[in-house]
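> Model the structure of this input:
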Amino acid sequence: MLLKRKLFVPDVQHLLAYSAIGVLFVLALVLRVSLFHVETSDYTVFVSQWYDFIQSHGGFAALKYNFSNYNVPYLYLLALTTYLPISKLIAIKTLSVVFDGVLGLFTYLILSLRYKHSYAAIAGALVVVFAPTIFINSAAWGQCDAIYTAFCLGSLYYLLKERPAWACVFFAFALSFKLQAIFFLPILFMLLLKRKLPLKYLALIPLLFLLMLVPAYIAGRDAQSLLSIYAGQVTSSGVSGAGQFNGGGTGRFNERTPGQSNSGGPGRFNGGARGQFNGGGFTDRSSSSLTSNAPSFYQWLPANAAEYWKWVGILLASAFVVLVGILLVASKKRLTSDILLKVTLVFALTIPFLLPDMHERYFYLADVVSIIFAFYFPRYWYIAVITQLCSLLSYAPYLIHTQIVSLTYVAFAVLLLTIVTSVDLVRTLYPNTRKRVPDTFS
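You can find the predicted model right below:
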């Protein structure tokens, strides 16, 4: 009897622990559902109208038209939701929330590689699903950044597992959904340079990308239109998904641009209860026209900054990627999981900080990776906290029409994060530098 009691106690403890975890995940879902009533202008002017167009043109048959500048894999999923017996708003937001769950799953899988017999991996997944920028992005804003980020995490997971073919497959999916996945692309090139990623696997990316366009091509959309979607985004407004949407004669809708309301109406959409996430007409409080609320160095430029600053940012971002590549290849350190995660965070923070025409949401990958980073390296917990705060403060001008803290100051905080993570990466690649450089940031 005594032996049975000793064996029974741990079972009860595990049962209670898993019950608590289950309750927390249910609360994360309830939290999201509570925000489903919120409508922003990004929803009403864009995704909502895409949904209506798809529904009114026969579901998947509508894919032959060029009515959205999002790449077609997202439209496939959107078309699928039109067949469900649920309201439009719930359908669109549920699509994003499902991928919040996928984000949590890959966070768990990545952390479980480091913490094999611990609740740390589950804790990390919980932190991700409860992170403010994550549930606001999907449940309140109705954005789909969780989709490409989830696939980027899948790619990272398989890189950590040393399965490069699957890593390229998942990255191809990420890139097929959003161009912002390019913030993760340098990781694959770094592995190629370190001879950890065979070129034949890298070739899977364009192949799968093209295959993802095939259903729309079969539906009747011309190849040139499909292949020029991302080019149109870049030429219209950087990597922003901006541009013009021709809805088969239904009209034109311009993506929000700095200083303009794109609501097409009074400029405000109240999401249910008054005073909650108005998020209607776009009020850009960026100091420069070269950023849409992104906490980048463009916040320090005047509103009428010359166009050549775009090229300055592009050159700086390119030079930074090349520099990290050189440091990585020249280092005698073996490419470990720690180094791979550190490089991932450095790129997720620095590339959108340097590139022009970034939106506030383009630090989404950094938001998620910084949390995983904090669990891998607990002494850097503050990096995840500051990253979340910077993104939240950047969301405020659009969602609540209030600049809580000047984005010029928020940009300085992001710069500090890029310096801290970059210095830490260099010290990891070149341990001897620790003897010569004071450990200021530890």
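> Nearest spatial neighbour of Y380, chain-adjacent residues omitted?
A374 (6.0 Å; Cβ to Cβ, 6 or more residues apart in numbering). For glycine as for every other residue, the C-beta is placed from the backbone atoms N, C-alpha and C.
> Going by secondary structure, the one you found is in what exactly?
A374 is part of helix 364-376, with elements assigned from DSSP states H and E.
> Next, the contact list for the residue lying closest to S394 once chain neighbours are set aside, please.
Residue nearest to S394 in three dimensions, not counting chain neighbours: E360, with 3.8 Å by Cβ to Cβ, 6+ apart. The contact partners of E360, by Cβ atoms under 8 Å, 6 or more residues apart in numbering, come to 292-295, 391, 394-395, 397-398.
> again, only this time at 6 Å
In this structure, E360 makes contact with 293-294, 394-395, judged by Cβ atoms under 6 Å, 6 or more residues apart in numbering.
> thinking A165 is in contact with L202, fair?
No: taking Cβ atoms under 6 Å as the definition, A165 is not a contact partner of L202, at 9.9 Å.
> So between those two, which is more surrounded?
L202 (18 against 13; other Cβ atoms under 10 Å).
> Look up phi and psi at the more buried one.
With angles defined as degrees, to the nearest 10, L202 sits at phi -60, psi -30.
> Who are the packing partners of the one helix or strand A317 maps to?
A317 is part of helix 308-330 when elements are defined by DSSP H and E. Here helix 308-330 touches helix 185-193, helix 337-354, going by 3 or more Cβ pairs under 6 Å, 6 or more residues apart in numbering; DSSP states H and E.
> Quick check, M358 in contact with P352.
Yes: assessed by Cβ under 6 Å, M358 is found in contact with P352 at 4.9 Å.
> which residues does the residue lying closest to V368 once chain neighbours are set aside contact?
Closest residue in space to V368, ignoring its immediate chain neighbours: T149 at 5.7 Å, by Cβ to Cβ, 6+ apart. For T149, the contacting residues are 364-365, 368, by Cβ under 6 Å, 6+ apart.
> want to throw the residues you listed into a markdown table with neighbour count?
Written out in a markdown table, the entries for those read as follows (neighbours: other Cβ atoms under 10 Å):
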| residue | neighbour count |
| --- | --- |
| Y364 | 26 |
| L365 | 26 |
| V368 | 29 |
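> what's the least confident stretch among the helices and strands packed on helix 308-330?
In terms of average pLDDT, helix 185-193 trails the rest of the helices and strands packed on helix 308-330, at a mean of 93.
> Now that helix: buried residues?
Across helix 185-193, burial judged by 16 or more other Cβ atoms under 10 Å covers 185-188, 190-192.
> Out of the residues you listed, the closest to D222 would be?
L185 (27.0 Å; Cβ to Cβ).
> and K116, helix, strand or coil?
coil (DSSP: H, G, I helix; E, B strand; the rest coil).
> Could you report the distance from it to H14?
Per Cβ to Cβ, to the nearest Å, K116 is found 16 Å from H14.
> before we move on, what about F53?
50 Å.
> what does T408 give?
Shown here: T408 relative to H14, a distance of 50 Å by Cβ to Cβ.
> more crowded one of the two?
Neighbour count, other Cβ under 10 Å: between T408 and H14, T408 has more, with 15 against 10.
> Which helix or strand contains that one?
Going by DSSP H and E, T408 is in helix 407-429.
> tell me which residues of that helix are tucked away?
Buried residues in helix 407-429 (16+ other Cβ under 10 Å): 407, 410-412, 414-415, 417-418, 420-429.
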